[in-house]
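**Student:** only geometry, no sequence info:
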């Protein structure tokens, strides 16, 4: 059960931004941010989470994804962070845990750096954004879609789609998603200043990583966790770059039951 | 004799009246990511009465929110603090700052302030305020340590005790305990034998994820009362929702509530970040027209309403 609405959010320095938001359930609030794979890549997890627990999961579509408009002035990860920070204020949400996958994880890290008291914790799932020597983010724009699927999933056969077989409307959405990724994250999908800035964070942080991720590998994930004081790192077995798609139950358990996790068994 | 009374503001922040003087403990008036009162802030900074002194037990943000408290109208108010708080207090413009080591004392308007020992994750002291036969012990968020047993012997009878009860543990630090728990607070109550005991430092939360990854704590203050039943049958216990006020009636030798209970409704009010000063929404601060606590009425005209005492049980 979900509801979808389009809101206009005035963002300082950017202006009014129209953003489509789908909400699932009610209760403890979570902001769930999708990556380059678009809002469909987190919808199933949001539904599962809201059905399993008393939670309100707020899922925005980053402007430009899914065929939605993107204002010219909104063209950076920090701009998206400002957008969602303002959204939390306007929704008057408190004790919000922000969860982000891939580029959504990068946005999540930038939201944490804005230090809103409304955001009480963050979960980074196979996030991009930092530079880690020897562990580059795979060059998404240089890969074929077949290669992207192969690198993104532990078991790609379950998820592989031949873009050529998609209807024209879906192909247009895929093309606009690609353009949005380029506008927000650039080709490198990193910000050389991010890792250093994360050292100032004091926010409770959980870093979840698929052990088969070949977009950003597990050592990159360990470096991400190491960049954030007191962050906890947990590897997810038989999982690729989109754990919420491939092993959603593992993700749900890792978040909800994180108090019971023996993190000493997970090496950094 | 002037009455002895306590109004809990939030967490470990209290207004204490004793000997006709008014003191504030461990100011905390804002929120940060991962630091939430878990209960309302009953009195805003601008609604505080005139203060004769401020006691600060240690320099953790949730006890020593000087960045917010610097907005208090009078930064010449005397501060009595753990020595680690002296520099931060001066940096925030407070210029009447006195560090007290354990068992050192100071005096304000006939009220003696004595620092008492403590043990926590960082350096801390606790405090006893005395005026004649009346004494209030403010325990900050200390662990229970043997030195606290010396308080009655060295400083005389304690009539009112303000004790932390959440037994906070820090998960990443080998699950180290840094605050006394309900059982230990009951043990200390049995040693101090106050007429009235009020728990604090229990609603605190680090939020959904922080309570799972960083801290664990007991958020139910009634566990303290339960633990005390056998150990410390003497005092009355107050389950201490913020804005509640208790006074101790020396002649009748028991703690008495000042008002009948008027349950506080938490819905939607806790965990809200403070709005910016120019955007005070109605309901966040003092609502005019409500009856004001007697303590406040005596000391100043502008103050927050009290919403009532929830429980006061004779054990």
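**Tutor:** Sure thing, it's come through. Quick caveat, the model's predicted, so the values are computed rather than measured. Residues are numbered from 1 along each chain as shown, chains lettered A, B, ... in the order given.

**Student:** Which parts of the stretch 101-250 of chain A are helices?
**Tutor:** A:103-113, A:145-152, A:168-185, A:194-198, A:218-227, A:243-246, A:248-256 (DSSP state H, counting those that start in this stretch).

**Student:** again with chain B
**Tutor:** Ranges of helices in chain B, per DSSP state H, are B:66-69, B:86-91, B:151-155, B:182-192, B:207-213, B:222-231, B:294-299.

**Student:** ok, back up a step: tell me which of the helices of the stretch 101-250 of chain A sits most buried.
**Tutor:** Among the helices of the stretch 101-250 of chain A, helix A:103-113 has the highest mean neighbour count (mean count of other Cβ atoms under 10 Å in any protein chain shown), at a mean of 27. The way it works is simple: take the backbone N, C-alpha and C, and place the C-beta from them, glycine included.

**Student:** what's next to that one, contact-wise?
**Tutor:** A:31-36, A:42, A:62, A:77-78, A:80-81, A:84-85, A:98-100, A:119, A:122-129, A:181, A:184-185, A:189, A:191, A:194, A:197-198, A:200-201, A:203, A:205, A:228, B:33 (Cβ atoms under 8 Å, 6 or more residues apart in numbering or on different chains).

**Student:** shaky segments in the chain?
**Tutor:** Answering for chain A, as no chain was given. Along chain A, segments meeting pLDDT under 70 span A:262-268.

**Student:** Chain B is the one I meant
**Tutor:** Applying pLDDT under 70 to chain B flags residues B:232-241, B:243-315.

**Student:** Can you name the residues of it that neighbour chain A?
**Tutor:** For chain B, the residues in contact with chain A (Cβ under 8 Å from any Cβ of the partner chain) are B:30-36, B:171-172, B:205-214, B:216, B:271-274.

**Student:** Give me the buried subset of these.
**Tutor:** Buried members of the residues of chain B next to chain A, scored by 16 or more other Cβ atoms under 10 Å in any protein chain shown, are B:30-36, B:171, B:205-214, B:216, B:271-274.

**Student:** Show me what the nearest residue to residue A:191 once chain neighbours are set aside is bridged to.
**Tutor:** Nearest residue to residue A:191 in three dimensions, chain neighbours excluded: residue A:129, at 6.0 Å (Cβ to Cβ, 6 or more residues apart in numbering or on different chains). Going by DSSP bridges, residue A:129 is paired in beta bridges with residue A:190.

**Student:** you'd agree residue A:27 is up against residue A:54?
**Tutor:** Yes: between residue A:27 and residue A:54 there is a contact under Cβ atoms under 8 Å: 3.4 Å.

**Student:** number of nearby residues for the residue nearest to residue A:191?
**Tutor:** Residue A:129 has 26 neighbours, counted by other Cβ atoms under 10 Å in any protein chain shown.

**Student:** Over to residue B:50?
**Tutor:** As a burial measure, residue B:50 scores 11 neighbours (other Cβ under 10 Å).

**Student:** separation between it and residue A:76?
**Tutor:** Residue B:50 is 50 Å from residue A:76, where distance means Cβ to Cβ, to the nearest Å.

**Student:** what sits against the residue of the stretch 51-200 of chain B found nearest chain A?
**Tutor:** In the stretch 51-200 of chain B, the residue that lies nearest chain A is residue B:172 (5.7 Å; Cβ to the nearest Cβ). Listed by Cβ under 8 Å, 6+ apart, the contact set of residue B:172 reads A:230, B:213, B:214.

**Student:** Dump those into a markdown table; add distance to residue A:12 as well.
**Tutor:** Putting those into a markdown table (distance: Cβ to Cβ, whole Å) gives the following:
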| residue | distance to residue A:12 |
| --- | --- |
| A:230 | 30 |
| B:213 | 31 |
| B:214 | 31 |
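
**Student:** Of those, which is the nearest to residue B:220?
**Tutor:** Using Cβ to Cβ, residue B:214 comes nearest to residue B:220 of the contacts of residue B:172, at 19.7 Å.

**Student:** rewinding a little: could you dump the helices of the stretch 101-250 of chain A to a markdown table with distance to residue A:7?
**Tutor:** Listed next are the helices of the stretch 101-250 of chain A as a markdown table, based on distance: least, Cβ to Cβ, whole Å:
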| stretch | distance to residue A:7 |
| --- | --- |
| helix A:103-113 | 17 |
| helix A:145-152 | 30 |
| helix A:168-185 | 18 |
| helix A:194-198 | 28 |
| helix A:218-227 | 31 |
| helix A:243-246 | 24 |
| helix A:248-256 | 26 |
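
**Student:** what about these, which gets the closest to residue B:12?
**Tutor:** Among the helices of the stretch 101-250 of chain A, the nearest to residue B:12 by Cβ to Cβ is helix A:103-113 (26.9 Å).

**Student:** got the angle between the closest one and helix A:168-185?
**Tutor:** Orientation check (axes from the mean of the first three to the mean of the last three Cα atoms, to 10 degrees): helix A:103-113 against helix A:168-185 gives 40 degrees.

**Student:** what separates helix A:103-113 from the chain centre, distance-wise?
**Tutor:** Put simply, helix A:103-113 sits 8 Å off its chain's centre (Cα atoms, centre = their mean, to the nearest Å).

**Student:** and residue A:18, what helix or strand is that in?
**Tutor:** Per DSSP states H and E, residue A:18 falls inside strand A:15-24.

**Student:** Past that strand, which element shows up next along the chain?
**Tutor:** Helices and strands here follow DSSP H and E; after strand A:15-24, the next one along the chain is strand A:28-33.

**Student:** Can you list the neighbours in contact with the strand holding residue A:18?
**Tutor:** Strand A:15-24 is contacted by residues A:1-11, A:39, A:43, A:46-47, A:49-50, A:56-63, A:66, A:68-69, A:71, A:73-74, A:83, A:87 when judged by Cβ under 8 Å, 6+ apart.

**Student:** filter those to the buried ones?
**Tutor:** Buried subset of the contacts of strand A:15-24 (neighbour count, 16+ other Cβ under 10 Å): A:9, A:11, A:39, A:43, A:46-47, A:49-50, A:56-63, A:66, A:68, A:74, A:83, A:87.

**Student:** Narrow the contacts of helix A:103-113 to those that are buried.
**Tutor:** For these, buried by 16+ other Cβ under 10 Å: A:31-36, A:42, A:62, A:77-78, A:80-81, A:84-85, A:98-100, A:119, A:122-129, A:181, A:184-185, A:189, A:191, A:194, A:198, A:201, A:203, A:205, A:228, B:33.

**Student:** show me what contacts residue B:119?
**Tutor:** Going by Cβ under 8 Å, 6+ apart, residue B:119 touches B:142, B:143, B:145.

**Student:** how many other residues sit next to the nearest residue to the first one once chain neighbours are set aside?
**Tutor:** Excluding the flanking residues, the one nearest residue B:142 by Cβ to Cβ, 6+ apart is residue B:118, at 3.7 Å. By the criterion of other Cβ under 10 Å, residue B:118 has 23 neighbours.

**Student:** these two touch, right, residue B:118 and residue B:57?
**Tutor:** Yes: at 6.7 Å, residue B:118 counts as touching residue B:57 under the criterion of Cβ under 8 Å.

**Student:** shared neighbours, those two?
**Tutor:** B:124, B:125, B:126, B:140, B:142.

**Student:** now these as a markdown table including distance to residue B:111 and neighbour count?
**Tutor:** Listed next are these as a markdown table, based on distance: Cβ to Cβ, whole Å; neighbours: other Cβ atoms under 10 Å in any protein chain shown:
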| residue | distance to residue B:111 | neighbour count |
| --- | --- | --- |
| B:124 | 21 | 26 |
| B:125 | 17 | 28 |
| B:126 | 16 | 29 |
| B:140 | 18 | 27 |
| B:142 | 22 | 26 |
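
**Student:** Appreciated, that's everything.
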